[in-house]
Every structure is written in C-alpha cells, then in structure tokens.
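> Please find the sequence and the predicted model below.
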Amino acid sequence: MSEKLNVLVLGSGGREHAIIEACSRSLRLNKLFAIPGNPGIAAKAECFRLNAEDGAAVVDFCKEHAVDLVIVGPEAPLAAGVADVIRAAGVAVFGPSKAGAMLEASKEFSKNFMARHHVPTAKFFVCRTVDEAEKALAQFEPPYIVKASGLAAGKGVFVEPTLEGARSAVQQLLVEKKLGSAGDTLVIEEALPGRELSLMVITDTKDFRLLSTSQDHKRLKDGDEGPNTGGMGAYAPAPWVSDDLMTRALREVIEPSVAALRAEGLDYRGVLYVGLMIAPDGTPKVLEYNVRLGDPETEVLLPLFEGDWVDLCWHVAHGDLASFEWKKETQCSLCVICASGGYPTGKSAPAAISGLEAANAVEGVTVYHCGTAAQNGAVMATGGRVLCVSAVAPSLEQAKARAYEAVSKISFDGMQYRRDIGHQVFDK
Ligand code: AMP
Ligand code: GLY
C-alpha cells in the first residue's frame, strides 16, 4: 500500500459523518481531522471550530497539521473557492474549483452550460424582472417551475400548480428578496413529468465512475406529501433502474456532461451530482447539477462503497481516477432522517436525544449525526435534520427493517420521520 495520509474533511452534517466513517475504514489513513465536524464525527476525527469557507484559515490548518488531502463535503466552501486556495498552497483536494462549482451556485450558468453542450434538460428562460418572468410563465402550462438561480439551501425551487402561485413565487424572489441576492435572477422552466433519479458521478474530467444508483425522498410527509425538504431518507441501489435506462443515462447525459467539463477547461476533480427526471418513455433529462455528494444519499452510498475511499479521493485529486481499483457494490442500504419538529420551516428548541446507543447496536446500522450538539455529556437535537439512521443489509427489505428497528429506539421532543422510505420499491 502507498503512503499513509493525513486527511481533513470540511463540513458538519450527516453527509460528512458518512464521509468520515468511510475514511476511517481506509488502509491509507493516518490522521483524520474535521472542520468543524459534529458530535458524531468527533468519535472518529479530531474536530476544530474553524470556518470551512475561509480558505486562508483552512490552508494554515493544513500546514500546521501536515494535512495531505482535503475532502470538501458541502457546496458553500466550493462556491467560495476554498478548493482553489488549498490547491494553490500545494495540498491535494477532492472537490471542484470555484469555476466548476458554478454548476450548482448559478442555475443560470448550469442551464446555459447544458444548452451549449446539448445535455437534455427542461426548456427554460432566465428572468431578471417581473415582466420577463410574466412572459416566461405564459410559455408554459401548470405546474409552473420557478427557481432562484443562486444557492438557497434547498429552498429556491417552487413547483406551483397555479399561475397565481407562480406569480407569488416570482414576487417573493424578485421583489421581496426572500432569498436575498440568490433570487436576483430566476430560471423559469418547463415541468417535466416522470420519476426522479440521482446519479453521483466521481470524475477528474478525464474519466468518471458512478456510485450506486439511489433515490432521495424530498417531501416531508408519507406518500410524498407536504413541503420540499433537503431529503427525508434514501435507499440504494434503486432496483427499478434497468440496464437500458442506465445505458441511456450514460450515453445521453453523463458522458456529454463530463465531456462538457473537459471542453470548457474546468478544473473539476470531485463529484458531479446529476439529478435526473426520467420521462415515462425512459428519456432522461437533467433537473439540476450539484457539485458535491447528496445528503442523505451519501449516508446510503458510502456504507455500500467497497473500495478504499481515501485512496479514491487521492486518485481523483491527482487526476488519476483511471488507475483506481473500483469494486462493485454487493449490498443494499436504506436510511431514515429523524428531523426536529419545526423542520423544514421553523426553529425548534434544543432537545435531549435518547436511544442512540441502542440504535447503533442494531445489526448493520450506523446513526449519522446531522444537527446535534454535545452538552454536559448529553447529545442534543439542535434543529433541522437531526439524525440519519442508515442500515446496510443483503436486501432492501432487510435494510428497511433494520433501519426502522433502530429508529424505534430513538426519541427526542418533536421528532418527525417518514414511515414509508422505499415505498417506490415496496408498494407495488
Ligand atoms: P432542484 O433543486 O432543481 O432539483 O429542484 C427541487 C425539486 O423540484 C426536484 O427534486 C423536483 O422534485 C422538483 N423539480 C425541479 N425542477 C423540475 C421540473 N423542471 N419539473 C418537475 N419537477 C421539478
Ligand atoms: N438530497 C438532495 C441534495 O443533496 O441536494
């Protein structure tokens, strides 16, 4: 095996906790650090309270702690150009450049990028005034899709059944500035019917590999009802993805997308998350690109990953994905998010969590921390998505049974979770 590495992970959510667990299984790992981390991460890595979006501070930290490799979890540091600053200081980074991160940070940029490179996506208009938005809406039929172009932490997309609703979304974004400058520019687009599929593409722009297929559950309530959230649970693989569908997605979307990164000369070494809508006739179109792993998709994908995660990130960071030894996943995984009572709109008072140990003791289960804080030896729910209970098993049915057995052992004031994760597979 090659040299051992000191690895730093940036971020503080369930996704980063899953990345830390995957790193801790690596044969190439020496020391593991996190900025800022969380109480779950602190069991496996040394956590430091620094600002992950401050490139200069991260570079100083890397020098002080002889960090060899930085893995960036969330989009905000990438959009702030932190990967560029770290690379310029001579430290390897898994995560795209600021220019590459525009694919998520600006929907205007990403839609134009897709249009330039003939990547299939919904027809769209870019609007900066209410007048332009009104003209764009007139081109489409309900439901109307109105999106803030900038980063909005999952709150920037409106799917409106009526014209009044769509106008109100435009008003909130362009006039009331509900999302600040993120809503200065809008993308108004055609509604695509079908089924959603997320593909996580690992790429150094020369080559790419796919993590397992997975499916997120965006709505808060059972039966896909209620408001949109960051994601309430996921499973992997998605057994309904046929070989034909995968072949089409690769040929029509993924290959042209990676070729486009290359053609535009973007320094892109990390993950391209491709959110797809699969039409009833099997045609895949891109809903969105993200420039990092999905959350909670990561909490099912990384437990299934059978290669060496640190070694993979090291290869990608050096533009050498081609020589990484990829192993096919053989297991299944399903995760359930336990969120606080106010999620996704309101705040919740901190609440003590019980049952964590018992949940972690269920076979195949790992409880990832998303929104927790340590207080006098207790673990507190601090709001938003609090925990992600993830189970690995030989079948999705078993993974679901294990995950819900573990969830039944956890409680905190106001806890809400979906009871139907995986319904697309189980309720046929
Ligand atoms: P996005 O953040 O762009 O993925 O959008 C959030 C969610 O809104 C998606 O996961 C879809 O459920 C829905 N959505 C976004 N764009 C469209 C579209 N063009 N047609 C139908 N649904 C959409
Ligand atoms: N789970 C959706 C996302 O990470 O964007």
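Cool, the structure landed. Ligands and ions are numbered 1, 2, ... in the order given.

> who in the stretch 101-250 of the chain is up against ligand 1?
Contacts of the stretch 101-250 of the chain with ligand 1, taken as CB under 6 Å from any ligand atom, map to Ala122, Ile145, Val157, Val159, Glu189, Ala191, Leu192, Glu196, Lys218. For the C-beta atoms, the positions are set from N, CA and C on the backbone; glycine is no exception.

> Same check on the stretch 251-400 of the chain?
Remark: the part of the stretch 251-400 of the chain in contact with ligand 1 comprises Gly275, Leu287, Glu288, using CB under 6 Å from any ligand atom.

> separation between the residue nearest to the last one when sequence neighbours are not counted and Thr229?
Leaving aside its sequence neighbours, Glu288 sits nearest to Gly275 (CB to CB, 6 or more residues apart in numbering; 4.5 Å). Here the distance between Gly275 and Thr229 works out to 15 Å (CB to CB, to the nearest Å).

> Can you tell me the element Val70 falls in?
Assigned by DSSP states H and E, Val70 belongs to strand 69-72.

> quick one: buried residues of that strand?
With burial defined by 16 or more other CB atoms under 10 Å, the residues of strand 69-72 counted as buried are Leu69, Val70, Ile71, Val72.

> From these, pick the one nearest ligand 2.
Nearest to ligand 2 out of these is Val72 (CB to the nearest ligand atom; 14.2 Å).

> looking at the chain, which residue lies furthest from center?
For the chain, the largest distance from the centre (CA atoms, centre = their mean) belongs to Asp131, which lies 33.8 Å off.

> downstream neighbour of the helix or strand that one falls within in the secondary structure list?
Assessed by DSSP H and E, Asp131 sits inside helix 130-138. Downstream of helix 130-138, the next assigned helix or strand under DSSP H and E is strand 144-148.

> sorry, back to before: which members of the residues of the stretch 251-400 of the chain next to ligand 1 occur in strands, if any?
Gly275, Leu287, Glu288 (DSSP state E).

> and ligand 2, which of the residues you listed reach it?
Residues of these in contact with ligand 2 (CB under 6 Å from any ligand atom): none.

> Just the buried ones from these?
Among those, those buried by neighbour count (16+ other CB under 10 Å) are Gly275, Leu287, Glu288.

> can you tell me how far Leu192 sits from Ala279?
Leu192 sits at a distance of 7 Å from Ala279 (criterion: CB to CB).

> Give me the common contacts of the two.
Lys285 (CB atoms under 8 Å, 6 or more residues apart in numbering).

> of those two, who's got more company?
Counted by other CB atoms under 10 Å, Leu192 and Ala279 do not tie: Leu192 has more neighbours, with 19 against 14.

> pLDDT at the residue lying closest to that one once chain neighbours are set aside, what is it?
Once flanking residues are discounted, Leu192 sits nearest to Met277: 4.2 Å by CB to CB, 6+ apart. We have a pLDDT of 95 for Met277.

> ok, the residue in the stretch 301-428 of the chain positioned nearest to ligand 1 - contacts?
Nearest to ligand 1, among the residues of the stretch 301-428 of the chain, is Pro344, at 12.6 Å (CB to the nearest ligand atom). Applying CB under 8 Å, 6+ apart to Pro344 gives the contacts Gly154, Lys155, Leu220, Pro227, Asn228, Thr229, Gly230, Gly384.

> Confirm Val392 sits in a helix?
No. Going by DSSP: H, G, I helix; E, B strand; the rest coil, the assignment for Val392 is strand, not a helix.

> ok, so what distance separates the residue of the stretch 301-428 of the chain closest to ligand 1 from Val187?
According to CB to CB, Pro344 and Val187 sit 22 Å apart.

> follow-up on the earlier one: are any of the contacts of Pro344 buried, and which?
Lys155, Leu220, Thr229, Gly230, Gly384.

> Now render these as CSV, adding pLDDT and secondary structure.
As requested, the buried ones among the contacts of Pro344 are exported to CSV (pLDDT from 0 to 100; DSSP: H, G, I helix; E, B strand; the rest coil):
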residue, pLDDT, secondary structure
Lys155, 81, coil
Leu220, 95, strand
Thr229, 89, coil
Gly230, 89, coil
Gly384, 94, coil
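
> picking that back up, tell me the one of the ones in strands among the residues of the stretch 251-400 of the chain next to ligand 1 nearest Ala101?
Among those, Glu288 lies closest to Ala101 (CB to CB), at 13.5 Å.

> Please name the residues that touch that closest one.
Listed by CB under 8 Å, 6+ apart, the contact set of Glu288 reads Glu104, Lys107, Ser110, Gly275.

> Also Arg251?
No contacts exist for Arg251 under CB under 8 Å, 6+ apart.

> per-residue confidence at Lys428?
68.

> ok, now Gly156?
For Gly156, the predicted pLDDT is 89.

> related to what we said a few turns ago, please tell me how far the residue nearest to Leu192 sits from ligand 2.
To ligand 2, Met277 is 14 Å away according to CB to the nearest ligand atom, to the nearest Å.

> and that residue, helix, strand or coil?
Put simply, Met277 is strand when judged by three-state DSSP.

> related to what we said a few turns ago, mind putting the contacts of Pro344 in a markdown table, distance to ligand 2 included?
Shown next, in a markdown table, are the contacts of Pro344 (distance: CB to the nearest ligand atom, whole Å):
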| residue | distance to ligand 2 |
| --- | --- |
| Gly154 | 7 |
| Lys155 | 12 |
| Leu220 | 13 |
| Pro227 | 14 |
| Asn228 | 10 |
| Thr229 | 9 |
| Gly230 | 6 |
| Gly384 | 13 |
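
> Take those residues and write them to JSON lines, including distance to Ile353.
Shown next, in JSON lines, are those (distance: CB to CB, whole Å):
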{"residue": "Gly154", "distance to Ile353": "23"}
{"residue": "Lys155", "distance to Ile353": "26"}
{"residue": "Leu220", "distance to Ile353": "20"}
{"residue": "Pro227", "distance to Ile353": "24"}
{"residue": "Asn228", "distance to Ile353": "25"}
{"residue": "Thr229", "distance to Ile353": "20"}
{"residue": "Gly230", "distance to Ile353": "19"}
{"residue": "Gly384", "distance to Ile353": "14"}
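
> quick one: contacts for Met336?
I think there's a mix-up here, since residue 336 is Val and not Met. Met232, Gly233, Cys388, Val389, Ser390, Ala403, Tyr404, Val407, Tyr417, Arg418, Ile421.

> Output whichever helix or strand comes after the strand holding Val70 as CSV, nothing but the C-alphas.
Next helix or strand after strand 69-72 toward the C-terminus (DSSP H and E): helix 75-79. Written as CSV, here are the backbone C-alpha positions of helix 75-79 (Å, rounded to 0.1, in the frame of the first residue of the first chain):
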residue,chain,number,x,y,z
GLU,A,75,-21.2,23.3,-1.7
ALA,A,76,-20.7,26.5,0.1
PRO,A,77,-16.9,26.2,0.5
LEU,A,78,-16.6,25.1,-3.1
ALA,A,79,-18.6,28.1,-4.3
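
> No further questions, thank you.
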